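# Sequence first, predicted coordinates after that:
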Amino acid sequence: MSFRYFSGKISMILVILALALPGASRAYPLDGHAHSHIARLQAWKFKVHRKRLKKRLRPGQLWPFEDIDLRLTDHPDLEIPPVDPAFQRQIVGLLSSQGKRYAISILDLADPEHPVFAEHQGDKRFNPGSLGKLVVATALFRELALAFPDAARREEILRTTWFRADNFIHKVSHKVPLWSNKSQRVFRRKLRIGDNANLWTWLDWMLSASSNSAASMVIKQVMLLHQFGDRYPPTAREARQYFLRNPPGVLGKTLREIFDTAMTDQGLDPEEFRQGGFFTSTGKRKVMAGGSRATTHALMRFLLKLEQGKIVDEFSSREIKRLLYMTQRRIRYASSPALRNSAVYFKSGSLYKCRPEPGFVCKKYHGNVKNLLNSVAIIETPPTEKSGRLYYLVVVSSNILRVNSAVAHQSLATRIHRLMQSRHGGNDGASPPGIR
């Protein structure tokens with residue numbers, strides 16, 4: 001392996017679904033526009049935007065396109081090892097008195113020949129929230145690979161296939177970044193019917209802006225790829241007729257099979273990591289599927305296979321990882337100041353629920369009935385003269401009531417990173433590779 005680092009009240013209960021913070025983190029290497037044609041990346045072409053971003057972002061967010069790569073392709077047989085008792089005690093010790101409210105899996109890969117693993121309640125099931133969008137991405141890249149075995153052709157399809165938002169985007173929630181050719185700037189707003197973008201941009205909106213509307217449009221494309229194969233993309237009329245002539249139950253069964261097969265084909269168990277269906281109310285009404293579930297252990301297996309290039313294939317794994325590379329404001333677990341110099345590949349999802357309680361005010365991520373927050377992260381830090389590189393995978397799910405779960409994950413990320421530094425010889429003060 002080579003690291004190329006140096007080149008309120010509603011009846012008796014209020015239920016709020018918050019799969020991601022509006023306007024939150026955005027991903028993909030900033031100098032990757034020529035490859036992907038993701039619209040917002042056009043800003044990097046302009047000197048004034050480059051200067052602003054460099055001032056605002058952390059060093060770990062400015063890695064060049066060529067350094068965002070898979071790290072374990074030459075370790076194809078690496079499996080999650082048994083729990084290391086000493087490492088396990090250290091990780092559980094970081095959870096303090098709230099340990100029963102956490103599930104966590106962490107894999108230290110600083111030395112891939114001797115990986116070290118710790119886990120606490122790794123088999124505990126939870127609703128993955130926006131982490132289910134990783135299943136959607138996997139299904140899309142699998143269907144692309146089946147229809148177009150040549151990776152160059154898939155790249156072309158991602159870049160040149162444009163489609164417009166339709167009523168599947170409703171109910172619209174989060175804002176997404178859009179590029180204005182007229183003012184030559186990136187601005188944010190909620191998606192509207194008629195918004196037009198290429199497939200890569202829709203994936204970017206789904207994974208990094210965590211737009212449920214974008215996710216539902218991507219799921220539509222997954223189903224159309226499955227239906228039309230190498231004749232994808234269909235005409236607008238063909239796509240419309242496909243969803244009109246099939247009843248919701250039939251479409252839902254098809255989608256469940258697509259998602260479950262996408263997991264089993266990667267050697268993953270859909271009983272342990274499953275996305276049930278669409279993320280919008282219109283999508284759920286038109287395509288009736290099922291529920292979602294995950295465990296931290298299953299998500300850890302997903303991350304490991306991603307780094308090995310085994311999520312569909314190396315092309316697909318690399319592109320999914322690039323789509324998770326955080327290049328805008330970091331949130332939740334990824335917002336820890338300790339991760340300043342680290343490249344962070346990140347996705348999170350939350351679900352919180354409130355009910356009336358004297359003296360309690362329901363706020364985002366402060367549920368008093370349920371306060372679920374899930375985070376997956378790949379952390380890569382360059383080596384220094386004082387310490388070796390830090391490279392680890394972490395999956396966290398928490399359900400700590402009446403606290404700001406986003407802050408709780410940020411604090412835990414700091415404690416974990418400091419622990420990893422102590423395991424590998426000091427602070428990481430390196431200057432990461434940067435794009436000019």
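All right, it came through fine.

# Check this structure for its longest helix and report it.
Taking DSSP state H as the assignment, the helix of the chain that covers the most residues is helix 405-423.

# Sort out which residues of it are buried, please.
By 16 or more other Cβ atoms under 10 Å, the buried positions in helix 405-423 come out as 405-406, 408-410, 412-417, 419-421, 423. Any C-beta I mention is one placed from the backbone N, CA and C, and that applies to glycine too.

# do the same with stretch 271-288
Neighbour-count burial for stretch 271-288 [16+ other Cβ under 10 Å]: 272-280, 282-284, 286-288.

# ends of it, how far apart?
19 Å (Cα to Cα, to the nearest Å).

# and that stretch, average pLDDT?
Per-residue pLDDT values over stretch 271-288 give a mean of 95.

# quick one: which of the buried residues of stretch 271-288 is nearest residue 370?
residue 276 (17.5 Å; Cβ to Cβ).

# Distance check, the closest one against residue 288.
Per Cβ to Cβ, to the nearest Å, residue 276 is found 10 Å from residue 288.

# try residue 129
Remark: distance between residue 129 and residue 288 (Cβ to Cβ) = 20 Å.

# Same question for residue 323.
Counting by Cβ to Cβ - residue 323 and residue 288 are separated by 28 Å.

# quick one: the strands in the stretch 251-400 of the chain?
273-274, 293-294, 343-354, 370-381, 390-399 (DSSP state E, counting those that start in this stretch).

# now the spatially most central residue of the chain, nearest residue through space, not along the chain?
With distances taken as Cα atoms, centre = their mean, the residue of the chain nearest its centroid is residue 347 (3.2 Å). Nearest non-adjacent residue to residue 347, counting by Cβ to Cβ, 6 or more residues apart in numbering: residue 376, 5.4 Å away.

# hang on, isn't that neighbour packed against residue 348?
Yes: using Cβ atoms under 8 Å, residue 376 makes contact with residue 348 at a distance of 7.5 Å.

# any idea which helix or strand of this protein has the worst average confidence?
strand 14-16 (a mean of 32; mean pLDDT, DSSP states H and E).

# Now the residue lying farthest from the centre of the chain: phi and psi?
Distance from the C-alpha centroid of the chain, by Cα atoms, centre = their mean, peaks at residue 358 (36.6 Å). In terms of degrees, to the nearest 10, the main-chain angles of residue 358 are phi -60, psi 130.

# pLDDT score for it?
92.

# show me what contacts the closest residue to residue 299 other than its chain neighbours?
In space, and not counting its chain neighbours, residue 299 is closest to residue 395: 4.4 Å by Cβ to Cβ, 6+ apart. Shown in contact with residue 395 (Cβ atoms under 8 Å, 6 or more residues apart in numbering): 104-106, 296-297, 299-300, 303, 374-377.

# Mind putting those into TSV with distance to residue 221, neighbour count and pLDDT?
Below are the contacts of residue 395 laid out as TSV (distance: Cβ to Cβ, whole Å; neighbours: other Cβ atoms under 10 Å; pLDDT from 0 to 100):
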residue	distance to residue 221	neighbour count	pLDDT
104	34	25	98
105	31	28	98
106	34	27	98
296	29	28	98
297	30	21	98
299	24	28	98
300	28	22	98
303	24	23	98
374	25	29	96
375	27	28	95
376	23	27	97
377	27	27	97
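
# follow-up on the earlier one: joint contacts of residue 376 and residue 348?
Taking Cβ under 8 Å, 6+ apart as the contact rule, residue 376 and residue 348 both touch residue 131.

# Low-confidence ranges, the stretch 1-150 of the chain, go.
For the stretch 1-150 of the chain, the stretches with pLDDT under 70 are 1-27, 47-48.

# can you pull out the strands in it?
Under DSSP E, counting those that start in this stretch, the stretch 1-150 of the chain gives strands at 14-16, 102-108, 116-120.

# Looking at these, which is nearest to residue 34?
Of the strands of the stretch 1-150 of the chain, nearest to residue 34 by Cβ to Cβ is strand 102-108, at 33.5 Å.

# Pairing partners for the closest one, with directions?
strand 116-120 (antiparallel), strand 390-399 (antiparallel) (DSSP bridges).

# residues in contact with the first one?
Applying Cβ under 8 Å, 6+ apart, the contact partners of strand 116-120 are 80-84, 87-88, 90-92, 95, 99, 102-108, 296-297, 300.

# filter those to the buried ones?
Neighbour-count burial within these applies to 80, 83-84, 87-88, 90-92, 95, 102-108, 296-297, 300; the criterion is 16+ other Cβ under 10 Å.

# hey, where'd the helices end up in the stretch 101-250 of the chain?
With DSSP state H, counting those that start in this stretch as the criterion, the stretch 101-250 of the chain has helices at 133-147, 151-160, 199-207, 212-228, 236-245, 248-264.

# got JSON lines for those, with distance to residue 391 and mean neighbour count too?
Output for those, formatted as JSON lines (distance: least, Cβ to Cβ, whole Å; neighbours: other Cβ atoms under 10 Å):
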{"stretch": "helix 133-147", "distance to residue 391": "20", "mean neighbour count": "24"}
{"stretch": "helix 151-160", "distance to residue 391": "26", "mean neighbour count": "16"}
{"stretch": "helix 199-207", "distance to residue 391": "22", "mean neighbour count": "27"}
{"stretch": "helix 212-228", "distance to residue 391": "29", "mean neighbour count": "24"}
{"stretch": "helix 236-245", "distance to residue 391": "42", "mean neighbour count": "13"}
{"stretch": "helix 248-264", "distance to residue 391": "25", "mean neighbour count": "18"}
